[in-house]
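Participant: I'll drop the sequence and a predicted model, then ask my questions.
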Amino acid sequence: MRTLRSCLALFRIRTAEALQYRMATLAAVSIGLFWVLIEIAVYTVFYRYADNKDAALALSFPQMVSYIWISQVSFGLRFPDIDGEIYGKIKNGDVIVELCRPLDLYFHWFAKSAAGRLGGFWWRGVILVGVGLMVPPPYRLSGPSSFMGLSVFLAATVASFLLSLSFGMLITSVRLGITWGEGPTYMLGLLGGVLSGAYLPLQLWPDFLQKLLYYQPFAGQGDLPLRFYIGSAPPSDVWNVLAVQLGWTTIFILAGRLLMRRALKRVVVQGG
């Protein structure tokens, strides 16, 4: 209970701090808008001029545009990476201070990572959604496919946030035990980004890979919840999606705690 109360207090403090960095959020929004425009331009060419248009049949062009917008809106929530403040503590040796706190280090960092992501999400999300609704068609963000689709999308998004956090903590645990470079953590982050649909919607991948892609852990971080919003998956699939997300979340949490426990037994503090 002491760890839970402390983590909730840290969550509130970190969220309030993140909300204060408005200029950093505006910079992130500008980058997000830039990428939205680039992706829409690329897919416009693909949908209009591709010789083989069968690959695009899984998603209509309006669905693709909405997918891109919502993907950027939720990017900060689901990006598989180490929290910047925690990464700094590991790199410069301040992790030793964290070990002096009478708290469970894993859940302490879990709460801090969650607050850091949510703090910047509110500004970024509101601005990007507002801009997306104001741009002219066919590049405008469309509304959800249905009220039920929106409801299950929100539920799956909450689960995807927990899944992304648990994977981010797994990467953090891996980094805690590494003293010779950043390669493994970068590779894990890149793998998570590719397989979550951040660069190409998973429904546009080859048909023979669809079942494998559906059940792999990273689909639940981005692609699967977005299907409910754009209407490419029925709301009745939400139970399958939640089962996949929560199952992998549990696995990542158990693996992350195990790796962190092992890393702390032989941690080497660098910097100072």
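Facilitator: All right, it came through fine. What you are looking at is a predicted structure, and each value in this text was computed from that prediction instead of being measured.
Participant: use CA for all of it now, contacts and neighbours both
Facilitator: Will do.
Participant: low pLDDT regions in the stretch 151-272 of the chain?
Facilitator: Within the stretch 151-272 of the chain, the stretches with pLDDT under 70 are 177-183, 267-272.
Participant: just list the residues touching residue 222, thanks.
Facilitator: 71, 78, 157, 160, 196, 197, 198 (CA atoms under 8 Å, 6 or more residues apart in numbering).
Participant: and whichever strand or helix holds the third one, what does it pack onto?
Facilitator: Under DSSP states H and E, the secondary-structure element containing residue 157 is helix 147-176. Under the contact criterion of 3 or more CA pairs under 8 Å, 6 or more residues apart in numbering; DSSP states H and E, the helices and strands touching helix 147-176 comprise helix 75-78, helix 105-134, helix 183-195, helix 223-230, helix 238-265.
Participant: just want the angle from that helix to helix 183-195.
Facilitator: Angle, helix 147-176 to helix 183-195, by axes from the mean of the first three to the mean of the last three CA atoms, to 10 degrees: 170 degrees.
Participant: sorry, back to before: format the helices and strands packed on helix 147-176 as JSON lines; extra columns: mean neighbour count and distance to residue 149.
Facilitator: JSON lines is the format used below for the helices and strands packed on helix 147-176 (neighbours: other CA atoms under 10 Å; distance: least, CA to CA, whole Å):
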{"stretch": "helix 75-78", "mean neighbour count": "23", "distance to residue 149": "20"}
{"stretch": "helix 105-134", "mean neighbour count": "19", "distance to residue 149": "17"}
{"stretch": "helix 183-195", "mean neighbour count": "17", "distance to residue 149": "23"}
{"stretch": "helix 223-230", "mean neighbour count": "27", "distance to residue 149": "5"}
{"stretch": "helix 238-265", "mean neighbour count": "18", "distance to residue 149": "9"}
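Participant: how about those, which one is nearest residue 85?
Facilitator: Set against residue 85 and scored by CA to CA, the helices and strands packed on helix 147-176 come closest in helix 105-134, at 8.7 Å.
Participant: before we move on, the earlier item: can you list the helices and strands packed on helix 147-176 in a markdown table and add distance to residue 29?
Facilitator: Converted to a markdown table, the helices and strands packed on helix 147-176 look like this (distance: least, CA to CA, whole Å):
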| stretch | distance to residue 29 |
| --- | --- |
| helix 75-78 | 11 |
| helix 105-134 | 6 |
| helix 183-195 | 19 |
| helix 223-230 | 20 |
| helix 238-265 | 27 |
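Participant: with respect to residue 212, which of those helices lies nearest?
Facilitator: Nearest of the helices and strands packed on helix 147-176 (CA to CA): helix 183-195, 10.7 Å.
Participant: contacts for the closest one?
Facilitator: Looking at what lies outside helix 183-195 - CA under 8 Å, 6+ apart - the contacts are 79-81, 171-172, 174-175, 199-200, 202, 213, 218-219.
Participant: just the residues contacting the next helix or strand after it, thanks.
Facilitator: Once helix 183-195 ends, the next helix or strand along the chain (criterion: DSSP H and E) is helix 210-215. By CA under 8 Å, 6+ apart, the list of residues contacting helix 210-215 from outside reads 195, 202, 203, 219, 224, 244.
Participant: so how far is residue 166 from residue 8?
Facilitator: Counting by CA to CA, to the nearest Å, the separation of residue 8 from residue 166 is 17 Å.
Participant: would you mind telling me which of the two has the busier surroundings?
Facilitator: Using other CA atoms under 10 Å, the more surrounded residue of residue 8 and residue 166 is residue 166, with 26 against 16.
Participant: tell me how many other residues crowd residue 47.
Facilitator: Residues near residue 47, counting by other CA under 10 Å: 18.
Participant: ok, now how distant is it from residue 60?
Facilitator: 9 Å.
Participant: now the residue nearest the centre of the chain: closest residue in space, sequence neighbours ignored.
Facilitator: Centroid-nearest residue in the chain, with CA atoms, centre = their mean: residue 78, separated by 0.7 Å. Closest residue in space to residue 78, ignoring its immediate chain neighbours: residue 164 at 5.1 Å, by CA to CA, 6 or more residues apart in numbering.
Participant: OK, contacts around the one you found?
Facilitator: Per CA under 8 Å, 6+ apart, neighbours of residue 164: 77, 78, 79, 80, 221.
Participant: and with 10 Å instead?
Facilitator: Contact analysis of residue 164 by CA atoms under 10 Å, 6 or more residues apart in numbering lists 77-81, 114, 158, 170, 192, 196, 217-218, 220-222, 245, 248-249, 252.
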